[in-house]
Structures are given as C-alpha cells and as structure tokens.
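Mind looking at a prediction? Sequence and model below.
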Amino acid sequence: MAPTGEPLVLRAGSTVLTISPADGGRMASLVIAGEERLVTEGFGPIRWGAYPMAPWAGRIRDGRFTFRGRDVALPHNLPPHAIHGTVFVRPWTVDGPDSLSIDLGRDWPFAGRVVQRFALEEDALRVELELLAEAAMPAVIGWHPWFRRPVELAIQPARMYERGPDGLPTGRSIEPTPRPWDDCVVDLAAPPRLTWPDGLRLTVTSSAGHWVVYDESEDGVCVEPQTGPPDAVNLGAATILEAGDSLTATMGWRWEVPT
C-alpha cells in the first residue's frame, strides 16, 4: 500500500483520537471529556502532537557515530545535531484501521521497518511501536508527546543523566536537579501523572525505562518514554539488533474523568 494523507480517527465513547499518517504517523489530536489534550500545531514537525521516534530518540551529537567500524553521518535536522529519528517527518502507510508502518528511509544506513499499532478505549489508550531490523543496527525507539498546557506534571525519578554544556547526556548518573527539565530520568517511584484544570488526570506507563521530560516550554509539557537515553549510540546505551531481530516498546495512557 502507498502512504496516505487521510487521517485515522478512532472513537471510544466521547473520546476521539486522530492519527495523521501524513505527519509522521503522529497522534495529531486527543479529545477527552470535550477538551483537547495535545498541542495540535507548532513550529515545524518537532513541537506538536505525539509522534514516534525511531531508529533513535533524542539527539545524536553532531549527527555522528560509529557502529562496527562503520562511520555514520546523519543529516543535522536540529543543527548541529540529528534528532528524533527518521520516521516522524515522513508519511506512513496505513495497514489497517488502527495500524501504520514505514521504512527507515535513505538517511539511516541500516535497512528496517517500523510498525505502530493503536488500541483506544473510553478511558485508556495503548500504543505499540515495533522496529523490525533487516540489517544489524543500534536502535532506540519511543514517543514524543506534547501535552497541552495548562497542565501539571507529577514525576519522581531516583536518578537522571547529567547534562553537559551542549545539552547532551555525559553518561554520568546524578540525583535529580530542580525542575524545569530538558533531561532524561530513570527509576521512577510511580508512573508520571498529568492533571488539567478541569480535574482530568492522565497516567503514562511504558515498557521503556528511560523518560525524557521537557517542561521548559510554554507550548506544552513533554513526557517521552524511550528505550534509551539521548545520544545512546555514542554512550553505548542503544539496543543492538541483528538482521531479523525486532525491538518493541509499548506506551499506555489511562485517564480519570472528573464527575
């Protein structure tokens, strides 16, 4: 099947999820209890919706790394770095009423595909992201949601990655610093929870163990589950896949609507 520009609209009771294959397979809108919960427009493809990240998440320093003796140079889509993978800016193919897929594209030198699947209920959403490797590669996958402000985020990590002067992790683990953050945190005491002024509370769970929190922006609050930290390919923290292997992550959102 060819990529399509038609959105997928999933409904469960009064909850409406809109997925845009044309905009990088992202969740473009999530209306719960009559209110929009995602940022629905922003500067370029990076700052809106809730989009999948693959085959890497976050920044790769200078867009460069070495894998098994091969030097890799990626386009600098956030100069001087490469950011968020190759699939969030390209159109996806609709494979069914709740599933999409895409190849990794020409900018990534290792062949593979990504499949994304959605399951919506009136009070919950489950998303699965699977990278299918056709060649050996390092990989990190995850999601980058932009939750609409005003919203309060409750999150309690035990550790975070130290950020260097260039904003990228040094690889060193430290105690969490005061918020706001643009940081990768781990070992959460409980799943992150977002609360809106109308009382709606949304809890985020994931099989991925790394969480990038970006709450420095007035545009929205980002709580990004991913399978490794930013610049994982240079920190030795990426998952190594052989040809025929796969890497899967799940993300769940569950909410309570105030009565």
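That came through fine. Predicted model, so just to flag it, every value in this text is computed and none were measured. Numbers count the residues shown, from 1 in each chain.

mind listing what residue 70 touches?
Residues counted as contacts of residue 70 (CB atoms under 8 Å, 6 or more residues apart in numbering) are residue 109. The way it works is simple: take the backbone N, C-alpha and C, and place the C-beta from them, glycine included.

And it, its phi and psi?
Here is the backbone geometry of residue 70 (degrees, to the nearest 10): phi -100, psi 120.

which residues does it form a beta bridge with?
Per DSSP bridges, the residues bridged to residue 70 are residue 67.

where do the helices sit along the stretch 151-259 of the chain?
232-235 (DSSP state H, counting those that start in this stretch).

What distance do you get for residue 154 to residue 97?
34 Å (CB to CB, to the nearest Å).

Pick out whichever of those two has more residues nearby.
residue 154 (12 against 9; other CB atoms under 10 Å).

residues touching the more buried one, list them.
Residues in contact with residue 154 (CB under 8 Å, 6+ apart) are 192-195.

Tell me the one of these nearest residue 125?
Of all these, residue 125 sits closest to residue 194, with 13.2 Å by CB to CB.

and stretch 54-65, how far apart are its ends?
Using CA to CA, to the nearest Å, the span of stretch 54-65 from its first residue to its last is 16 Å.

heads up, I number from 206, so please use that
Shifting the count to begin at 206 puts that one at stretch 259-270.

Contacts for stretch 288-301, please.
Against stretch 288-301 from outside (CB under 8 Å, 6+ apart): 206-211, 213, 226-227, 229-231, 250-251, 256-265, 282, 305-307, 309-310, 312-313, 319-321, 346, 349.

List the buried residues of it.
288-299 (16 or more other CB atoms under 10 Å).

Just the buried residues of the contacts of stretch 288-301.
The neighbour count (16+ other CB under 10 Å) marks 213, 226, 229-231, 250-251, 256-265, 282, 305-307, 309, 313, 319-321, 346, 349 as buried among those.

Next step: those residues restricted to strands.
The strands, defined by DSSP state E, take in 213, 231, 256-258, 264-265, 305-307, 319-321, 349 from these.

Report the beta-bridge partner residues of residue 217.
Beta-bridge partners for residue 217, by DSSP bridges, are residue 220.
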